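Participant: Build me a structure from this.
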Amino acid sequence: MKVLGIIPCRYGSTRFPGKPLVDLKGKSMIQRVYEGALKSNRIDKLIVATDDERIFSEVKRFGGEVMMTSSEHENGTQRCVEVSKQFSDYDIVLNIQGDEPLVNFEQLNQLIDVFTDVSVEIATLAIKTANRPELENPNRIKVVTDFRQDALYFSRSLIPFERNSDASFVFQRHIGLYAFRTFVLHEIVSFSPCSIENLESLEQLRWMYYGKKIRVVETSIETPNIDTPDDLAKVLALL
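Facilitator: Residues are numbered from 1 along each chain as shown. This next block holds a predicted model:
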């Protein structure tokens, strides 16, 4: 399988404008994401996709590969589609979040390797956790899976609801890395928005609404993302 890694990256963020360029101990966040992903031996080409000249210039400065994309895209998935259409001979597209500066290449390899199962169309990662503040934080997405490890639902709320006590149950927190078969990626961007996606503000619910299965790969590697300026301290402490 030929794998195309794409890091969608925009400057304007509601909760943290300009975060791709924030300094993390001498390197910008986008540089740390790029260098972390570059360590994967499964990715054949790695590209930052942006609509901002400042990010474009920064990636060029540290020697990364970058492409300018439309400013009309609503999300990173659409940005990935624009780039991937120029690389039609790639089988898998990996969407790497630009706000996870501690991204680990082993995570990326785990995600890519699941596509040896020909039934898998979309895959993502999750980590088991009992950390209540994380679980109750609406910026940390939770996921429930079936016996195949296909997602049943993603939510900003704590799911499932604890009506009864069950000490054996372990909650799963979603890690926002996605991999797609290329033809599936191109298909899902044609889907219309749906109510549950709008309510939760989670685009993966749109894909599931229209019948797509998402394989959830369990990882033990913790990679905190940066959603707000308050998340900076935790990441800086781990660098």
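
Participant: State the mean pLDDT of stretch 202-221.
Facilitator: Stretch 202-221 shows a mean pLDDT of 97.

Participant: quick one, phi psi at the residue nearest to V59 when sequence neighbours are not counted?
Facilitator: Once flanking residues are discounted, V59 sits nearest to V66: 3.9 Å by C-beta to C-beta, 6 or more residues apart in numbering. Placement of C-beta: from N, CA and C, glycine included. Here is the backbone geometry of V66 (degrees, to the nearest 10): phi -140, psi 150.

Participant: Repeat that for L46.
Facilitator: Phi and psi for L46, reported as degrees, to the nearest 10, are phi -130, psi 130.

Participant: How about P8?
Facilitator: The phi/psi pair for P8 (degrees, to the nearest 10) reads phi -70, psi 130.

Participant: likewise the one 4 residues further on?
Facilitator: Reported as degrees, to the nearest 10, the phi and psi values for G12 are phi -80, psi 110.

Participant: what residues are up against the closest residue to Q172 other than its chain neighbours?
Facilitator: Using C-beta to C-beta, 6+ apart and skipping residues adjacent in sequence, the residue nearest Q172 is A126, 4.2 Å away. A126 makes contacts with V143, T145, Q172, R173, H174, I175, V216, V217, E218, T219, as judged by C-beta atoms under 8 Å, 6 or more residues apart in numbering.

Participant: Just the CA atoms of the top strand by length along the chain, as CSV, please.
Facilitator: Looking across the chain with DSSP state E, the single longest strand is strand 171-181. C-alpha atoms of strand 171-181 as CSV (Å, rounded to 0.1, in the frame of the first residue of the first chain):
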residue,chain,number,x,y,z
PHE,A,171,-13.8,4.2,28.9
GLN,A,172,-12.0,5.1,25.7
ARG,A,173,-10.8,8.6,24.7
HIS,A,174,-10.6,9.3,21.0
ILE,A,175,-7.2,10.3,19.5
GLY,A,176,-8.0,12.4,16.4
LEU,A,177,-5.8,10.7,13.8
TYR,A,178,-7.6,9.2,10.8
ALA,A,179,-6.7,7.0,7.9
PHE,A,180,-8.9,6.4,4.9
ARG,A,181,-8.8,4.3,1.8
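
Participant: Helix or strand next in line after that strand, which one?
Facilitator: helix 182-188 (DSSP states H and E).
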